[in-house]
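# The sequence and its predicted three-dimensional model are supplied below.
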Amino acid sequence: MSRSALTRKSREAALAAMSDEEGVDVLVVGGGVTGAGIALDAATRGLRTAIVEAQDWAGGTSQWSSKLVHGGLRYLYQLDFKLVAEALKERGTLLSTTAPHLVKAQPFLWPLQMRVIERAYSAVGVGMYDALALLGSRGHSSVPIQRHYTKKGAERLFPDLKDDYLIGAIRFYDARVDDARLVIDLVRTAAGYGALAASRAQVTNLTKDPTGRVTGATVRDLESGTDRTVRARHVINATGVWTEQTEALGTTEGGLKVLASKGVHIV
């Protein structure tokens with residue numbers, strides 16, 4: 001059986017190993033995309049790494065995303081060039097190297113209502129978007145560049161588009177991902193590098209030494225109801241919207257506050 005397989009047997013072995021006397025270098029709490037990425041990074045650096053998730057892998061936010069892998073076109077209009085360039089570079093890496101089997105090019109149609117001015121203005125913005133993507137991938141485009149359409153051309157692409165004010169359109173590309181599968185692939189890859197991975201394993205308490213430093217966690221096996229103590233040199237909280245609840249297990253002091261995101265995707 002593959003070392004990266006996530007099975008009942010591998011789960012039980014991981015729980016037993018992470019709660020042994022040796023302990024782990026890093027305990028990651030939360031099996032979404034953030035926690036899975038941290039576990040993979042730690043495992044590939046040679047650290048004895050454990051990752052636990054109370055639900056199934058990607059059971060929280062990481063299975064309910066917009067599925068988009070994008071550079072953030074609107075941030076370009078806010079002149080945040082550094083952010084957009086970094087995101088587009090990562091998009092290209094995902095498309096070409098990290099997960100080409102899960103990340104695919106996704107076309108978008110930008111309808112235009114005003115002649116000349118709107119088309120020119122939009123073309124410059126999308127053109128900069130394409131240029132930053134090309135720069136980040138050293139000239140090897142991972143998605144097609146923008147293409148302009150007349151009203152009839154736009155209607156052929158999208159026959160149901162209301163055309164009362166339509167004068168044309170621009171088609172540009174970002175990317176989409178199977179988000180839950182990406183998380184599972186990250187966890188499996190981490191396990192392949194030696195990470196101890198267990199889903200349906202909930203952290204119920206954070207243990208501390210006399211100085212107040214967190215030294216590990218109590219992990220409950222939700223399948224058997226058994227509690228295990230995991231000793232860890234470092235505990236990383238990657239529980240997303242549950243961050244404050246996880247923090248509260250270890251301290252009564254105020255910590256990181258989770259705020260609502262301003263990003264909205266309407267489909």
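That came in fine, so what should we check first? Numbering: from 1, shown residues only.

# Go through stretch 129-137 and flag the buried ones.
Within stretch 129-137, the residues that count as buried by 16 or more other Cβ atoms under 10 Å are 129-130, 132-134, 136-137. Heads up, the C-betas are built off the backbone N, CA and C, glycines and all.

# Convert the C-alpha atoms of that stretch to PDB, please.
The C-alpha coordinates for stretch 129-137 follow below in PDB (Å, rounded to 0.1, in the frame of the first residue of the first chain):
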ATOM      1  CA  TYR A 129      -3.400  41.400 -15.800                       C
ATOM      2  CA  ASP A 130      -2.200  39.200 -18.700                       C
ATOM      3  CA  ALA A 131       1.200  40.900 -18.700                       C
ATOM      4  CA  LEU A 132       1.800  40.300 -15.000                       C
ATOM      5  CA  ALA A 133       0.800  36.600 -15.600                       C
ATOM      6  CA  LEU A 134       3.300  36.300 -18.400                       C
ATOM      7  CA  LEU A 135       6.000  38.100 -16.300                       C
ATOM      8  CA  GLY A 136       5.500  35.700 -13.400                       C
ATOM      9  CA  SER A 137       5.700  32.600 -15.700                       C
END
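
# and that stretch, how far from the chain's centre?
Centroid displacement of stretch 129-137 relative to its chain, using Cα atoms, centre = their mean, to the nearest Å, is 21 Å.

# Ok, stretch 5-12 next?
Computed by Cα atoms, centre = their mean, the chain-centroid distance of stretch 5-12 equals 23 Å.

# Report the rounded mean pLDDT for that stretch.
The average pLDDT within stretch 5-12 is 93.

# Also stretch 57-65?
For stretch 57-65, the mean per-residue pLDDT is 87.

# Who are the contact partners of Ala217?
Residues in contact with Ala217, defined by Cβ atoms under 8 Å, 6 or more residues apart in numbering, are 27, 29, 203, 205-207, 229-230, 232, 235, 249.

# between those, which is nearest Thr150?
Proximity of the contacts of Ala217 to Thr150 (Cβ to Cβ) peaks at Val29, which lies at 53.9 Å.

# give me the number of residues near the residue lying closest to that closest one once chain neighbours are set aside?
Once flanking residues are discounted, Val29 sits nearest to Val203: 5.1 Å by Cβ to Cβ, 6 or more residues apart in numbering. Residue crowding around Val203 was assessed by other Cβ atoms under 10 Å; the count is 23.

# Val203 contacts Ala50, doesn't it?
No: contact criterion Cβ atoms under 8 Å: Val203 and Ala50 do not qualify, at 10.9 Å.
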